[in-house]
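**Student:** need coordinates for the following:
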Amino acid sequence: MLPAATAISPASAGHAASAGLNPSVSETAPEAGDPSDGLIGIEEVQKCLNRSRASVYRYTNTDPRNLNPPFNPRKLNPEYRSDQKEPLLFHPDEVARFARDVLRIKEVTVEVLNSPSTATQQLLNAILEELRTIRERLDGLDSAPADLSRLRQQHSQSRPAA
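**Tutor:** Have a look, this model is predicted:
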């Protein structure tokens, strides 16, 4: 399965609160898979929310004294980190929740997109294909595996000692 990149786009740049309308939300949930799939960084959140980098940092639930502060419904909550130097990553559903509930963006759409194939992904696909080829050849063998100890004895007898 290819890793997924996530795009979140507000359908309208205007705020529902300023227009006096009740926000309506339309979400397309990310596909089930590895929870680390689709996490997005500050730059993507900045583009999705159409806000400055400084604003996104102000919205984010961080504390210099606590690496993983408790959930705050009025803030943008990042995923758990094990080190202070790790970049902030956000789940797309959390960004959509924040946009809908806090920023009052009328309509939020969460889309999961396939990311372009990387060199690592290409290498892993090549390894997978090679393993499949090996499996097919092993399954195609008509005879049972030979006795390895007998083959070792024959091989050692055929080689002169150095």
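
**Student:** from here on, just use CA atoms for contacts and neighbour counts.
**Tutor:** OK.

**Student:** the strands in the protein, which residues?
**Tutor:** 4-10, 108-114 (DSSP state E).

**Student:** for those strands, which has the smallest mean pLDDT value?
**Tutor:** Lowest mean pLDDT of the strands of the chain: strand 4-10, a mean of 51.

**Student:** can you get me a residue count around Pro73?
**Tutor:** A total of 13 residues lie near Pro73 under the criterion other Cα atoms under 10 Å.

**Student:** show me the contacts for it.
**Tutor:** Phe98 (Cα atoms under 8 Å, 6 or more residues apart in numbering).

**Student:** would you check how far apart it and Asn125 are?
**Tutor:** Counting by Cα to Cα, to the nearest Å, the gap between Pro73 and Asn125 amounts to 41 Å.

**Student:** cool, Ser158 as well?
**Tutor:** Distance from Ser158 to Asn125, by Cα to Cα: 40 Å.

**Student:** who's more crowded, these two?
**Tutor:** Asn125 (14 against 9).

**Student:** where in this protein is the helix or strand with the lowest mean pLDDT?
**Tutor:** Taking mean pLDDT, DSSP states H and E as the measure, the helix or strand of the chain with the lowest value is helix 16-19, at a mean of 32.

**Student:** low-scoring stretches of the chain, by residue?
**Tutor:** 1-37, 110-115, 142-146, 159-162 (pLDDT under 70).

**Student:** quick one, helices of it?
**Tutor:** 16-19, 42-49, 53-59, 92-101, 119-140, 148-158 (DSSP state H).

**Student:** most tightly surrounded among those?
**Tutor:** helix 92-101 (a mean of 21; mean count of other Cα atoms under 10 Å).

**Student:** could you give the angle of that one to helix 42-49?
**Tutor:** 40 degrees (axes from the mean of the first three to the mean of the last three Cα atoms, to 10 degrees).

**Student:** which strands or helices does helix 92-101 pack on?
**Tutor:** Here helix 92-101 touches strand 4-10, strand 108-114, going by 3 or more Cα pairs under 8 Å, 6 or more residues apart in numbering; DSSP states H and E.

**Student:** recalculate using a threshold of 10 Å.
**Tutor:** strand 4-10, helix 42-49, strand 108-114 (3 or more Cα pairs under 10 Å, 6 or more residues apart in numbering; DSSP states H and E).
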